[in-house]
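**Q** Make a model of this:
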Amino acid sequence: MKGKTLCSCVVWTTLLAGRAFAGQYTFTSIDVHCPAEAAASDCPAGLSPGQVAAQTGAKAINARGDIVGFYIAGGRQHGFLLNDGEFSSLDFPVSGVRGTIANGINARGEIVGQYLLPVQLKDATGADLPEDSPFYCPANLPSPPNPPNTADPACIKGFRFWNGEFSTVMFPSTIDANGQEHKHPGAIAMHITSDGDIVGCVHDHDLGASMYGAMWTKSGTFSLTPNGGQLSASDLMAASGVPMSMNNGATPGKNKNVAGFYVDMANRQHGYLVNSGMFNSYDPDGANLTAIWDMNPSRQFVGTFRFSGEALPKRHAFLQNPDGSPAVTFDFVCQDPAGCAGAPLGTVAFATVAFGVNPEGVIVGQYSLVSGGAGHGFVAVPPDTN
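**A** This next block holds a predicted model:
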């Protein structure tokens, strides 16, 4: 980690849990920055004294109020940890790494996320790297049809960071119904439970048909691949699997509830819940696109959605309580008299995404003020924790 920078808006959240309603959240905007009075050596990576990151996204918050996420500075993506009011940058320690995102943090402070390797097809001896090597990264995707310099998704690997040490998170080979082995070069670690189990996804050379929700637990690895073990044999989707899916949140313990999102055969994106091995789709009322991004130990889960008929980039955040009541929906509102990211008090964001929720119901995420605008992090504190 590099840089420890005092944050101008400290968020402290070790308080009592409480149910929240739209309009009652207290919002705080977060942008990774380096104060003008700081020494250059204390700035987060890529920033100089007085600079603010071009974009910030808050991805997770634990019970202590520690926040992790990502920011962009100098055209490069870095992970960050906000702890006791100080920003520290997180970059996976491999030469030429092209980007790092911190996606999850648990109560112990274990952090998980993803990093993007530089192109590498051979090892130090000149031998070809196997697809399941943690260093394997093929050439960028062709352009066109892809934008210039688009990385092959096989170059995305998961990581765990604990006690100052990084380790790579990858998924083992799987066997299909015909007995054929499939190696999986890519993985993303999204969140980590209080007991150390990790949820995310496994993928090959795309983030579409080859992407399946995945779990790394003390009792083994499980996934939403065909017969991948996450679903009960009695679930109709167990044999075929759930492609274009991602596990994004889970409760701790043996009888896990798991939440995420998937794309159905009609190319429509939904949230999902897996409880006792049974798969169930989820959408807030009126939504035509849904993604669940996290779940806390009380089975509250958060995410983002778009109403039918809205512009394609439009997003709203939601929190779903476990009692089955209608989802609590909200948009980030600037409550700072000094303004938020240049916008005045009272401005409502064009797009709001809830990425993480801690045991107290405090939510973190990202908002943008206009369609296609820069992303900024936020914290949303429910009324009973203020």
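
**Q** wait, what's in contact with the residue nearest in space to the middle of the chain?
**A** The chain has residue 103 as the residue nearest its centroid, 4.2 Å off, counting by C-alpha atoms, centre = their mean. Applying C-beta atoms under 8 Å, 6 or more residues apart in numbering, we find residue 103 in contact with 59-60, 68, 112-114, 188-191, 200. C-beta coordinates here come from the backbone N, C-alpha and C atoms, glycine included.

**Q** Give me the neighbour count for the closest residue to it other than its chain neighbours.
**A** The shortest distance from residue 103 to any non-neighbouring residue, by C-beta to C-beta, 6 or more residues apart in numbering, is to residue 113 (4.4 Å). Residues contacting residue 113 under the criterion other C-beta atoms under 10 Å number 31.

**Q** Next secondary structure after the one helix or strand in the chain whose mean pLDDT sits lowest?
**A** Within the chain, no helix or strand scores below strand 2-6, which has a mean of 50 by mean pLDDT, DSSP states H and E. The first helix or strand that comes after strand 2-6 along the chain, using DSSP states H and E, is strand 26-30.

**Q** quick one: average pLDDT of that next one?
**A** Mean pLDDT, taken over the full extent of strand 26-30, equals 97.

**Q** Flag every buried residue along that strand.
**A** 26-30 (16 or more other C-beta atoms under 10 Å).

**Q** Tell me the strands beside it, with direction?
**A** Each strand pairing with strand 26-30, determined using DSSP bridges, is listed with its direction: strand 375-381 (antiparallel).

**Q** sorry, back to before: now tabulate the contacts of residue 103 in TSV and tack on secondary structure, distance to residue 222 and pLDDT.
**A** As requested, these are arranged in TSV below (DSSP: H, G, I helix; E, B strand; the rest coil; distance: C-beta to C-beta, whole Å; pLDDT from 0 to 100):
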residue	secondary structure	distance to residue 222	pLDDT
59	strand	23	98
60	strand	21	98
68	strand	24	98
112	strand	16	98
113	strand	20	98
114	strand	19	98
188	strand	16	98
189	strand	14	98
190	strand	15	98
191	strand	15	98
200	strand	12	98
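
**Q** want to throw these into CSV with distance to residue 157?
**A** Supplementary listing: the contacts of residue 103 in CSV, determined by distance: C-beta to C-beta, whole Å:
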residue, distance to residue 157
59, 17
60, 19
68, 17
112, 12
113, 10
114, 7
188, 8
189, 9
190, 13
191, 17
200, 11
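
**Q** which of those residues are buried?
**A** 59-60, 68, 112-114, 188-191, 200.

**Q** Out of these, the closest to residue 367 would be?
**A** The shortest approach to residue 367 among these belongs to residue 59, at 13.5 Å (C-beta to C-beta).

**Q** So the residue nearest to that closest one when sequence neighbours are not counted versus residue 353, what's the distance?
**A** Counting by C-beta to C-beta, 6+ apart, residue 69 is the residue found nearest to residue 59 once chain neighbours are left out, at 4.3 Å. Going from residue 69 to residue 353 by C-beta to C-beta, to the nearest Å gives 11 Å.

**Q** same deal with residue 285?
**A** Using C-beta to C-beta, one gets 19 Å for the distance from residue 285 to residue 353.

**Q** same thing with residue 301?
**A** Taking C-beta to C-beta as the measure, residue 301 falls 14 Å from residue 353.

**Q** Of the two, give the one with the bigger neighbour count.
**A** More crowded of residue 301 and residue 353, by other C-beta under 10 Å: residue 301, with 29 against 25.

**Q** Let me see the contact set for that one.
**A** 249, 259, 271, 273, 292, 294-295, 319-320, 357.

**Q** Which of the residues you listed sits closest to residue 46?
**A** Proximity of the contacts of residue 301 to residue 46, judged by C-beta to C-beta, is greatest for residue 294, which lies at 26.6 Å.

**Q** which outside residues touch the host helix or strand of the closest one?
**A** Residue 294 is part of strand 287-295 when elements are defined by DSSP H and E. For strand 287-295, contacts defined as C-beta under 8 Å, 6+ apart pick out 60, 104, 190-191, 248-251, 257-261, 268-273, 282-284, 301-309, 353-357, 365.
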